[in-house]
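>>> Predicted coordinates and the sequence they were generated for:
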Amino acid sequence: MADPQSRTTGKRLAVVGAGAVGGAVVDLASEYGHTITAFADSTSAAIDPNGIDTDAVLTRKDETGTVGESDSSVAVDATYDVLIEATPTTLGDAQPGFSHLRTALERDRDVVLANKGPVAERYADVQQVLHDSDGSLRFEATVGGAIPVLSTLEDISPAQVTAVRGVLNGTANFILSRMATEGINYEHVLAEAQDLGVAEADPAFDVEGTDAALKCVILANVLSTDNREYTLADATVDGITNIPGSALELAAEEGRTIRLVGEATPTGVHVGPRLIPQNTALAVTGTRNIVQLETTNAGQLNLSGRGAGGPETASAILADVSRL
Amino acid sequence: MRRRETRLFSYPVTHSTDTKFIVGGALAVTSPERRPPDNHDADTTKSEGKSENEHNQNDMTSDGDTIPAPLDDPASENEIEPDGGNNPQPHTVRLELTDEPGQLLAALQPIAENGGNLLSIFHERGNLTPRGRIPVEVDLECPPDRFDIIVDALRAEDVNVIQAGAERYAEEVIVMLIGDLVETDLSDTLERIEECGSVSVADVALSAPEGRDDVSSARLRLATRAGRTADAIAAVRDVVADKQLHIIEPLTEEAI
């Protein structure tokens, strides 16, 4: 049972998307002093301008698969200060995430994204909607999960950052590091990762590099100093599905290993397996992520941490809410 | 005192890659340090050489090191200059000598006298060039503007210079190739990579644990010209794309 006192404190949040991230935001919001006034999954919504009973709603979601009696679409029109958009990332038109964002901004509400689609695929459209709104937009959770990448970029100033690269997909990194340490092939490690819940039943988004590329595209959009818009189509993307265990063994003989590295530089966005020395900052293991910033005056900065997970990503979202 | 290292060993004048294919296991291919084909004018002037006695009268210390004659440049008289100059760059000179006493010394003298710092000498006794002479490869370092002077001095002494150039392969980079490496003719792949001119394949390791039935991996150590690593990798990229292989490139050094 949520503390009734907390329902009237902080900001009023509407959370759209009831997966691991959306659920974690609902679960943790009171810890950060905020109130959940709307919570929607793909088919239903729980609405209460005074704050929903978060424990009851999350229990209902677990047991019945729905979060409330209202129609899902009413959540973005409900009473809230900040819309948390945590529906699954979609490519191309980035729907329904983009519509949710637009509706909230047109109502001059603030928006915090966990969904990468709008800022990876329609950054210019998002900027246009934002320009016409009194609301603000933040999207820390879209890159590097719990790692404060975008806020660090903001603090440093994008103009001072010459390049960003990193290991930005925990699933791919888990598979590559297990292949390297255990000497087993991709298919075996993938099956293990799926058993552990590290990889989705359909892992294509992660292992083919798309997820890492979307994050790099977002970074490129943030770093772009000439208003050039980047989308996934501007990225060169190569995944890890064709890497045999023998390649990692040969790399290890020379003190190197292979990681799926994404890069956002003035020359574009590139994601692909790269040969890097073992025991260096980029060679993170398991599901860990790392982002490396090359800066004009501060040299190289390495930000490492958990790049995915419900509570981890929710912490980035709630940090964004605090920054609004 | 000049640093002088003399290594004497033999390898074929015509470079060949010693390749052992072991299908079903790891395979290592190692080529000797490879030099590019001669792209400088070969000097076919016959070396007439000098007698050993002539050179023994020159400046030789008790341990055999050569003391260079002072340079003629008056400005250098009061300056202390390290061996090889203040901004030395490595260079390789390939000579051919007649098999007579004193020939090697005659060849080294103009290098030392003109400010070159000898790094190593490969005196390939036992091998003969097509003209029946002994190939000698000299690594030295000197300022860039002095290298041509050294080569001219060698030729002025009738030393036959068959190749002279700045050290071409000053940087090393490792890349991985993945795919049907055997089926797509690994030797041809390597040759085509080298044909780009800015890269030499210094070392290859191939792993094909499933034999020819599955994809294999190769680790290539590439020697590239200074500042040309990106070009070399681009060349490899083109070759492997043409053969539908995959390349795993290294990150640039500053990235790690």
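Alright, I've got the coordinates. The model shown is predicted, which means the values in this text are computed figures rather than measured ones.

>>> Which residue would you name as the spatial centre of chain A?
Residue closest to the mean C-alpha point of chain A, counted by Cα atoms, centre = their mean, is residue A:142 at 2.8 Å.

>>> mind checking which helix or strand the residue nearest to residue A:78 when sequence neighbours are not counted is in?
Of all residues not flanking residue A:78 in the chain, residue A:38 sits nearest, at 3.9 Å (Cβ to Cβ, 6 or more residues apart in numbering or on different chains). Any C-beta I mention is one placed from the backbone N, CA and C, and that applies to glycine too. Per DSSP states H and E, residue A:38 falls inside strand A:35-40.

>>> Around chain A, pick out the residues from chain B.
B:174-176, B:178-179, B:205, B:207-209, B:214-219, B:221, B:246, B:248-251, B:254-256 (Cβ under 8 Å from any Cβ of the partner chain).

>>> Now go through those residues and say which are in strands.
B:174-176, B:178-179, B:205, B:207, B:216-219, B:221, B:246, B:248-250 (DSSP state E).

>>> Report the two of the residues you listed separated the most.
Longest distance between any two of those is 19.7 Å, between B:216 and B:250; criterion Cβ to Cβ.

>>> who has more neighbours, these two?
Neighbours were counted for residue B:216 and for residue B:250 using other Cβ atoms under 10 Å in any protein chain shown; residue B:216 has more, 27 against 20.

>>> who touches that one in this structure?
A:244, A:246, B:178, B:179, B:180, B:181, B:182, B:206, B:207, B:208, B:209, B:210 (Cβ atoms under 8 Å, 6 or more residues apart in numbering or on different chains).

>>> What score does it have for pLDDT?
pLDDT recorded at residue B:216 is 92.

>>> and the gap between it and residue A:164?
34 Å (Cβ to Cβ, to the nearest Å).

>>> Over to residue B:91?
From residue B:91 to residue A:164 the distance is 40 Å (Cβ to Cβ).

>>> If you count surrounding residues, which of the two has more?
Relative neighbour count places residue A:164 above the other of residue B:91 and residue A:164, with 28 against 24, counting by other Cβ under 10 Å.

>>> can you confirm the more buried one is in a strand?
Yes. Counting by DSSP: H, G, I helix; E, B strand; the rest coil, residue A:164 falls inside a strand.

>>> Surely it and residue A:295 touch.
No. Between residue A:164 and residue A:295 there is no contact under Cβ atoms under 8 Å: 9.8 Å.

>>> Can I get the strand holding residue A:38 in CSV? Just the C-alpha atoms.
Extracted C-alpha coordinates of strand A:35-40, given in CSV (Å, rounded to 0.1, in the frame of the first residue of the first chain):
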residue,chain,number,x,y,z
THR,A,35,2.7,10.8,-7.4
ILE,A,36,1.5,8.5,-10.1
THR,A,37,-1.8,9.9,-11.5
ALA,A,38,-2.1,7.7,-14.5
PHE,A,39,-0.6,4.4,-15.6
ALA,A,40,-1.4,2.7,-18.9
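
>>> Starting from that strand, tell me which strands it pairs with and how they run.
According to DSSP bridges, strand A:35-40 forms sheet pairs with strand A:12-16 (parallel), strand A:44-47 (antiparallel).

>>> So which bits of the stretch 201-324 of chain A are right by chain B?
Within the stretch 201-324 of chain A, the positions lying close to chain B (Cβ under 8 Å from any Cβ) are A:238, A:242-247, A:249-251, A:253-254, A:256, A:258, A:261, A:272-277, A:280-282, A:292, A:294.

>>> Which of the three states applies to residue A:322?
Under three-state DSSP, residue A:322 falls in the helix class.

>>> residues in contact with it?
residue A:32.

>>> Go again with 10 Å.
By Cβ atoms under 10 Å, 6 or more residues apart in numbering or on different chains, the contact set of residue A:322 is A:10, A:11, A:32, A:33, A:34, A:138.

>>> What confidence value was assigned to the second one?
The predicted structure scores residue A:11 at 95 on the pLDDT scale.

>>> How about the contacts made by it?
Residue A:11 makes contact with A:29, A:32-35, A:37, A:80-82, A:110, A:318, A:321-322, A:324, according to Cβ under 10 Å, 6+ apart.

>>> Return every residue with contacts to both of residue A:164 and residue A:295.
Residues touching both residue A:164 and residue A:295 by Cβ under 10 Å, 6+ apart: A:153, A:301.

>>> and residue A:179, what does it touch?
Contact partners of residue A:179, counting by Cβ under 10 Å, 6+ apart, are A:185-186, A:188-190, A:240, A:243-245, A:247-249, A:257-258.

>>> Packed most tightly, which of the strands paired with strand A:35-40 would that be?
Sort the strands paired with strand A:35-40 by mean neighbour count, taking mean count of other Cβ atoms under 10 Å in any protein chain shown, and strand A:12-16 sits at the top with a mean of 28.

>>> all strands of chain B, in order?
With DSSP E as the criterion, chain B has strands at B:6-7, B:18-19, B:26-30, B:89-97, B:117-123, B:134-142, B:160-166, B:171-179, B:199-207, B:216-224, B:246-250.

>>> Stretch A:249-269: end-to-end distance?
28 Å (Cα to Cα, to the nearest Å).

>>> Name the residues of it that come out as buried.
For stretch A:249-269, burial by neighbour count (16 or more other Cβ atoms under 10 Å in any protein chain shown) applies to A:249-251, A:254, A:256-265, A:269.

>>> Next step: the residues you listed restricted to helices.
Among the buried residues of stretch A:249-269, DSSP state H puts A:249, A:250, A:251 in helices.

>>> Show me which of the contacts of residue B:216 is closest to residue A:55.
Relative to residue A:55, and with distances defined as Cβ to Cβ, the nearest of the contacts of residue B:216 is residue A:244, at 48.2 Å.

>>> Any idea how many residues pack against that closest one?
Taking other Cβ under 10 Å as the neighbour definition, residue A:244 ends up with a count of 21.

>>> Model confidence at it, what's the number?
Note for residue A:244: predicted pLDDT of 93.

>>> ok, now the one 10 residues further on?
In this model, residue A:254 is scored at 90, pLDDT.

>>> same thing with residue A:48?
Turning to residue A:48, the model gives it a pLDDT of 95.

>>> Phi, psi for it please.
phi -160, psi 110 (degrees, to the nearest 10).

>>> and the gap between it and chain B?
To chain B, residue A:48 is 50 Å away according to Cβ to the nearest Cβ, to the nearest Å.

>>> So what's the residue count around residue 237?
No chain in the question, so chain A it is. Neighbour tally, residue A:237, other Cβ under 10 Å: 19.

>>> was after chain B, sorry
By other Cβ under 10 Å, the residues close to residue B:237 number 13.

>>> With the one 10 residues further on instead?
One way to gauge burial is a neighbour count; for residue B:247, by other Cβ under 10 Å, it gives 21.

>>> picking up where we left off before, list the buried residues of the strand holding residue A:38.
Across strand A:35-40, burial judged by 16+ other Cβ under 10 Å covers A:35, A:36, A:37, A:38, A:39, A:40.

>>> gap between the first one and chain B?
The reference is to residue A:35. Per Cβ to the nearest Cβ, residue A:35 is found 44 Å from chain B.

>>> quick one, phi psi at the closest residue in space to that residue that isn't next to it in sequence?
Once flanking residues are discounted, residue A:35 sits nearest to residue A:51: 4.3 Å by Cβ to Cβ, 6+ apart. Backbone torsions of residue A:51, given as degrees, to the nearest 10, read phi 110, psi 130.

>>> Residue A:51 against residue A:33, yeah?
No. If you go by Cβ atoms under 10 Å, residue A:51 and residue A:33 don't touch, sitting 12.0 Å apart.

>>> list the helices and strands the one helix or strand residue A:303 maps to packs on?
Using DSSP H and E, residue A:303 falls within strand A:299-306. Strand A:299-306 is packed against helix A:149-156, strand A:161-167, strand A:288-295, helix A:310-323, with contacts defined by 3 or more Cβ pairs under 10 Å, 6 or more residues apart in numbering or on different chains; DSSP states H and E.

>>> now with 7 Å?
Secondary-structure packing of strand A:299-306 (3 or more Cβ pairs under 7 Å, 6 or more residues apart in numbering or on different chains; DSSP states H and E): strand A:288-295.
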